[in-house]
Each structure stands twice: as C-alpha cells, then as structure tokens.
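Mind looking at a prediction? Sequence and model below.
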Amino acid sequence: MAASGKIIAVCTSKNKGERKKNVGEGKLIANHGLEGDGHAGDWHRQVSLLAIESIEKMRQKGLDVNPGDFAENLTTEGIVLVDLPVGTKVKIGAEAEGEVTQIGKVCHDRCAIYYQAGDCVMPKEGIFIKVLNGGPVKVGDTIEVVGDV
C-alpha cells in the first residue's frame, strides 16, 4: 500500500447529496471540515475522499464522470483509500491532518450516478475523515499516511 499520494481535486457543494464542483483549493478547519461545504460540521463524516482510480473504474463502464461527481471533497491519487483502517491518520498538504472515521457508506437514495451506471463507487470505495488539524489544501498537495491504528 502506498504511504503517500496527491490531491487531484478539492470539491465543494452548498448542500449534502449533490455533486460537488472542483474549486481547486480550500481550507480544512479542525473539528469542522472543508470550509464552505455542505458536509462540514461537528460529526464524524466531515470530509469525504475518493480515489481517481475509483472514478476511472466508472469511466471504464462508459460514464462521463469527473472529480466531485460522486460528492467527494478530496479526490486523491496513489493511495488505496479503502485499505486504510478506521483510526488511520493522514496528513494533507503542509499543515492539515485528518483521521479516518468511516470506510464506505450506505446510500439510502440511489443517486444519479447509480441510475446512469447501475453502480456507484462511493459507497464501497469512498472514505470519511474528521479534521484534527486545519490548514490549506489545494490540487497537487501531497496526502500521506502518518499513523496507523
């Protein structure tokens, strides 16, 4: 398992449950999430991450999908996110640090992606973190595993 990778996209949306837009950079706020994002708040799923490799699987099924289309905040490359156990710490950019709190999720409502493809990678391959230390995050930043459970 790669211990480091990079940020491919930084995505936000006003509300939960909608596609996010790649804004290129943002600010991670401790105990809150990505500034200005609908998912931020005082809970365990403050920031969602999905690997570009997972998005590529959907592209291979014929879908025209891009970072943010699965409602993830951070699109990563080079780390197998689903292999990170809950409790793993990750450093994002120069200052921010997060802790994996959940792997995958239950989709209560089938999203538009599911109806287009008959499948969606976020429930199986997306992960969630809470922000331990805040800091800026932008496309091209590194993300690295800094501590296991």
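Great, that's in hand.

separation between Asp64 and Lys16?
Per C-beta to C-beta, to the nearest Å, Asp64 is found 23 Å from Lys16. Backbone N, C-alpha and C define where each C-beta goes, glycine included.

my bad, should have said Gly41
Applying C-beta to C-beta to Gly41 and Lys16 gives a distance of 10 Å.

before we move on, what about Pro136?
For Pro136 relative to Lys16 (C-beta to C-beta), the value is 23 Å.

Those two - which one has more neighbours?
Pro136 (16 against 11; other C-beta atoms under 10 Å).

Name all residues that make contact with that one.
Counting by C-beta atoms under 8 Å, 6 or more residues apart in numbering, Pro136 touches Glu25, Gly26, Lys27, Leu28, Gly93, Ala94, Glu95, Ala96.

Apply 6 Å and report the result again.
Lys27, Gly93 (C-beta atoms under 6 Å, 6 or more residues apart in numbering).

buried stuff in the one helix or strand it maps to?
Taking DSSP states H and E as the definition, one finds Pro136 inside strand 135-138. Buried residues in strand 135-138, counting neighbours by 16 or more other C-beta atoms under 10 Å, are found at Gly135, Pro136, Val137.

Can you say which helix or strand has the residue nearest the centre of the chain in it?
Residue closest to the average C-alpha location in the chain (C-alpha atoms, centre = their mean): Leu49, at 1.3 Å. Using DSSP H and E, Leu49 sits within strand 47-51.

Looking at that strand now, give me its mean pLDDT.
Averaged over strand 47-51, pLDDT sits at 95.

Could you list the residues in contact with it?
Outside strand 47-51, the residues that touch it by C-beta under 6 Å, 6+ apart are 33-34, 70, 72-76, 81, 126-129.

partners of that strand, with directions?
Each strand that pairs with strand 47-51, with its direction, by DSSP bridges: strand 74-77 (parallel), strand 127-133 (antiparallel).

Just the C-alpha atoms of the longest one, please, in PDB.
The C-alpha atoms that make up strand 127-133 are tabulated as PDB, following Å, rounded to 0.1, in the frame of the first residue of the first chain:
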ATOM      1  CA  ILE A 127     -13.800   7.100   2.900                       C
ATOM      2  CA  PHE A 128     -14.500   9.800   5.500                       C
ATOM      3  CA  ILE A 129     -12.300  11.700   7.900                       C
ATOM      4  CA  LYS A 130     -12.600  14.100  10.700                       C
ATOM      5  CA  VAL A 131     -10.200  17.100  10.600                       C
ATOM      6  CA  LEU A 132      -7.700  17.000  13.600                       C
ATOM      7  CA  ASN A 133      -5.600  20.000  12.500                       C
END
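
All good on my end, thank you.
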